[in-house]
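1. Give me a model of this one.
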Amino acid sequence: MPETTPFRRVLVKLSGEALAAPDGYWLHPQTLAAMAEDIGRVVEQGIEIAVVVGGGNLIRGARISQAGWIDRATGDSLGMMATVMNSLAIETALNAAGVPARTMSAVSMPTICETYARQPALHHLDKGQVVVLAGGTGNPFFTTDTAAVLRAAELRCDAVLKATQVDGVYSADPKKDPSATRYDRITHDEAIARDLKVMDTAAFALARESRLSIVVGSIHAPSSIAAILTGEAPATHVVP
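-> Model (predicted):
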């Protein structure tokens with residue numbers, strides 16, 4: 001793996017669905033193990049890594065609240081707990097792969113994992129530990145995309161790597177429009193002007209205000225995180 005990456009500290013945003021098994025079970029051990037090895041390769045290069053994972057493989061608070069039988073705040077609380085379950089699974093896989101990791105939750109669960117606070121999180125990163133940030137922002141009505149950007153800004157990350165189903169940001173949905181153009185590099189302002197869906201509106205606004213770069217690439221590429229960060233896999237860089 002080349003040592004040409006410009007990043008010293010990166011927050012990796014993963015979807016919960018990326019952890020699910022092909023048969024629909026909420027976790028796939030082989031996927032977790034491969035992801036842990038991938039992150040381990042990045043850490044070996046001296047890059048500090050924080051991780052935020054969604055909970056969509058278990059539950060989506062906004063979706064169940066739309067059904068009408070539960071209010072949005074409660075649905076989002078269920079979603080936050082789902083992210084804790086996923087984060088603990090990632091922490092376990094990382095430690096099993098020999099990569100020191102620590103889960104910190106914005107929702108206080110002191111008997112299960114450490115409660116998130118900025119200074120201890122920075123200390124863990126400085127020690128070379130991967131910090132898995134659970135519980136979203138700790139508040140309803142905010143997505144894990146927003147949590148990822150918020151934590152990246154707090155923890156002085158150089159970029160957010162958003163691992164998605166496609167290998168970058170396109171002018172249209174490439175699954176629906178074969179003529180869609182993929183961007184290699186685009187600014188925050190250009191993304192807004194072209195109405196490109198990089199992240200949800202609140203998350204992207206915070207990234208723009210914080211002058212935080214966003215790297216969008218495919219979770220399905222071999223060694224996806226390491227390859228995206230070193231430029232070996234295609235990705236879109238959304239820059240200030």
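
2. For the rest of this, base every contact and every neighbour count on C-alpha atoms.
-> Will do.

3. Now do the helices in this protein.
-> Per DSSP state H, the chain carries helices over the ranges 29-44, 61-66, 72-96, 118-126, 144-154, 188-193, 201-209, 224-229.

4. Tell me the buried residues in the first one?
-> Under the neighbour-count criterion of 16 or more other Cα atoms under 10 Å, helix 29-44 has 32, 33, 34, 35, 36, 37, 38, 39, 40, 41, 42, 43 buried.

5. Look up how far residue 135 lies from residue 197.
-> 24 Å (Cα to Cα, to the nearest Å).

6. before we move on, back to that, would CSV of the buried residues of helix 29-44 with distance to residue 84 and pLDDT be doable?
-> What follows is these, written out as CSV (distance: Cα to Cα, whole Å; pLDDT from 0 to 100):
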residue, distance to residue 84, pLDDT
32, 15, 95
33, 18, 96
34, 20, 94
35, 17, 95
36, 17, 96
37, 21, 96
38, 21, 96
39, 19, 97
40, 21, 96
41, 24, 95
42, 23, 95
43, 22, 96
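
7. Out of these, which comes closest to residue 61?
-> Closest approach to residue 61 among the buried residues of helix 29-44 (Cα to Cα): residue 32, at 23.7 Å.

8. residues touching the closest one, list them.
-> 19, 89, 90, 93 (Cα atoms under 8 Å, 6 or more residues apart in numbering).

9. And the residues you listed, which is the shakiest by pLDDT?
-> Here the lowest pLDDT out of the contacts of residue 32 sits on residue 19, with 93.

10. Can you list the buried residues in the lowest-mean-pLDDT helix or strand in the chain?
-> None of the helices or strands of the chain scores lower by mean pLDDT, DSSP states H and E than helix 61-66, at a mean of 81. Applying a neighbour-count criterion of 16+ other Cα under 10 Å, one finds 61, 62, 64, 65 buried in helix 61-66.

11. Can I get that helix as CSV, trimmed to CA atoms?
-> The C-alpha trace of helix 61-66 is given here as CSV (Å, rounded to 0.1, in the frame of the first residue of the first chain):
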residue,chain,number,x,y,z
GLY,A,61,-36.2,5.3,13.1
ALA,A,62,-37.5,7.7,10.5
ARG,A,63,-39.1,4.8,8.5
ILE,A,64,-40.9,3.2,11.4
SER,A,65,-42.1,6.5,12.7
GLN,A,66,-43.7,7.1,9.3
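
12. now that helix: how far from the chain's centre is it?
-> On the basis of Cα atoms, centre = their mean, to the nearest Å, helix 61-66 sits 21 Å off its chain's mean C-alpha point.

13. Over to stretch 132-146?
-> 11 Å.

14. in it, what's buried?
-> For stretch 132-146, a neighbour-count test (16+ other Cα under 10 Å) marks 132-138, 140, 142-146 as buried.

15. And stretch 42-52, by the same measure?
-> Under 16+ other Cα under 10 Å, the buried positions of stretch 42-52 are 42, 43, 47, 48, 49, 50, 51, 52.

16. residues in contact with it?
-> 3, 7-14, 39, 87, 125-126, 128-134, 136, 144, 147-148, 225-226.
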